[in-house]
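# coords below, sequence missing:
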């Protein structure tokens, strides 16, 4: 159980290789962001030489799904996670303070962290001669209670559960979704189309500049957030996801049940889920 800005958060992440993939290219992160002063040297007595920790100010969770069919998708997702952690660590001023005046700074820092990841993945791919074969999705939630700032590249998703109502907070960045929005496909056709697996944006993909979609959502005590890769959503419909999140006693139980449901339906891909439950 974590404490973030005065509210208890039960957060847990889990990943599984699935039933048909030779390796797991998914990555996930659950991290509490703290304001910390760690004393290296002081004239104070020994009992004062400790870490002064003001408590977690924010929560950072993310999932990254190495793009299937690429040679180095797993490496791309690992580089992305590592780059974002280092970026956030070096930009803490904006990542733990909730203030209307610095909100734009926070949004810009979140976008910059994605761009930095994109640049790192492309540089490595170019250096090693694997361009266009090293990419990943990214869905990230930065929680500054009572708001969550949701960042997305690709088709991994973020949901909010409130009561029994499940709301999808992200938009799949796929060709099928674009055709659906233009009216060229129905929802049923888009779901079954092979274009639902073709991304319009990915970290490490084409172009030197990459702009993520960033939105914000209000949270209330009792809400839950789910971040997941498409290995879950291609097998478990939203209604079943809502039922599992609502009935699970803990974040751990919710993740385990969600992954079990995806595997039971076939487990055609790596499957990853991160659940955050905010105390009522």
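Done, it's in. The structure displayed is predicted, hence computed values, not measured ones. Residues are numbered from 1 along each chain as shown.
# Please make it C-alpha for all contacts and neighbour counts, starting now.
Noted.
# Just confirm residue 138 contacts residue 158, I think it does.
No: between residue 138 and residue 158 there is no contact, the gap being 10.5 Å when judged by CA atoms under 8 Å.
# Could you list the low-pLDDT ranges of the protein?
Counting by pLDDT under 70, the low-confidence segments of the chain come to 3-6, 35-56, 68-71, 92-102, 130-132.
# how does it look with 50?
Applying pLDDT under 50 to the chain picks out residues 48-49, 51-52.
# any idea which helix is longest in it?
Counting residues, the longest helix in the chain under DSSP state H turns out to be helix 103-127.
# and that helix, how far out from the chain's middle?
Its chain's average C-alpha position is 15 Å from that of helix 103-127, according to CA atoms, centre = their mean, to the nearest Å.
# Show the contacting residues for residue 31.
59-61 (CA atoms under 8 Å, 6 or more residues apart in numbering).
# Just give me the closest of these to residue 110.
The shortest distance between residue 110 and any of the contacts of residue 31, using CA to CA, involves residue 60 and amounts to 11.0 Å.
# tally of neighbours for that closest one?
Using other CA atoms under 10 Å as the criterion, residue 60 is surrounded by 19 other residues.
# now swap in residue 257 and tell me
Using other CA under 10 Å, residue 257 has 16 other residues around it.
# residue contacts, it?
With CA under 8 Å, 6+ apart as the criterion, the residues that contact residue 257 are residue 244.
# So it, which state does it fall into?
Three-state call for residue 257 (DSSP: H, G, I helix; E, B strand; the rest coil): helix.
# My guess is residue 136 contacts residue 200. True?
No: under the criterion of CA under 8 Å, residue 136 lies out of contact with residue 200, with a separation of 11.8 Å.
# These two: which has the busier surroundings?
Set residue 136 next to residue 200 and count neighbours by other CA under 10 Å: residue 136 wins out with 36 against 18.
# Return the residue spatially closest to residue 28, with its sequence-adjacent residues excluded.
residue 63 (4.3 Å; CA to CA, 6 or more residues apart in numbering).
# So that neighbour: helix, strand or coil?
Under the three-state scheme (three-state DSSP), residue 63 adopts strand.
# got the contact list for it?
Neighbour list for residue 63: 26-29, 138-140, 156, 227-229, 272-274 [criterion: CA under 8 Å, 6+ apart].
# Most neighbours among these, please name it.
Highest neighbour count within the contacts of residue 63, by other CA under 10 Å: residue 228, with 33 neighbours.
# Tell me who's in contact with residue 162.
By CA under 8 Å, 6+ apart, residue 162 lies in contact with 222-224.
# Out of those, the closest to residue 85 would be?
For those, the nearest to residue 85 is residue 224 (23.1 Å; CA to CA).
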